[in-house]
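K.L.:
coords below, sequence missing:
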């Protein structure tokens, strides 16, 4: 998504949410959305030396602080997941020497409130935990044989689940 890579200063002010609008979007997250966001943060943080709470809090801080823009038209939860993924990639590729930095008190407050459009996607497969696991892995960037391996299914079983997932997405789109 190109809107996530645009720096805050490059984007017109009216095209992105203000700090107070971002805080309000965080406050209005449902408990289910918060839980899903933390599950997604857990997946992304596996390859970093930081915990999922750190990843989630950092994403929220960057959105509130304005270093990551939140386009007005973009779904809030999708942007938050994208920011978490971007931060995880950044953390993977650079050595972190100062883990002992004090967190911004505003971030601690919002982290308790926080957690995605990905929530709706994952919840859409609540009746099928294996399909749900595949969807979460897909959102994490897994593809093909890796998805089959992660699901623990045979080739035929995996293809059947994949068709089920595709059909549900098609129904959702209609």
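P.N.:
Everything's here; your move. This is a predicted model, so every value here is computed, not measured.

K.L.:
For residue 141, list the residues it contacts.
P.N.:
residue 85 (Cβ atoms under 8 Å, 6 or more residues apart in numbering). C-betas here are computed from N, CA, C, even on glycine.

K.L.:
Next: residue 83.
P.N.:
Applying Cβ under 8 Å, 6+ apart, the residues contacting residue 83 are 4, 59, 62, 63, 68.

K.L.:
Any chance of TSV for those, columns pLDDT, neighbour count and distance to residue 166?
P.N.:
Formatted as TSV, those follow (pLDDT from 0 to 100; neighbours: other Cβ atoms under 10 Å; distance: Cβ to Cβ, whole Å):
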residue	pLDDT	neighbour count	distance to residue 166
4	42	17	25
59	88	27	29
62	86	20	33
63	84	25	32
68	81	25	31
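
K.L.:
Now go through the residues you listed and say which are in helices.
P.N.:
Counting by DSSP state H, these place 59, 62, 63 in helices.

K.L.:
ok, now how distant is the closest residue in space to the last one that isn't next to it in sequence from residue 30?
P.N.:
In space, not counting the residues next to it along the chain, residue 63 is nearest to residue 22; the distance is 5.2 Å by Cβ to Cβ, 6 or more residues apart in numbering. Relative to residue 30, residue 22 is positioned 17 Å away (Cβ to Cβ, to the nearest Å).
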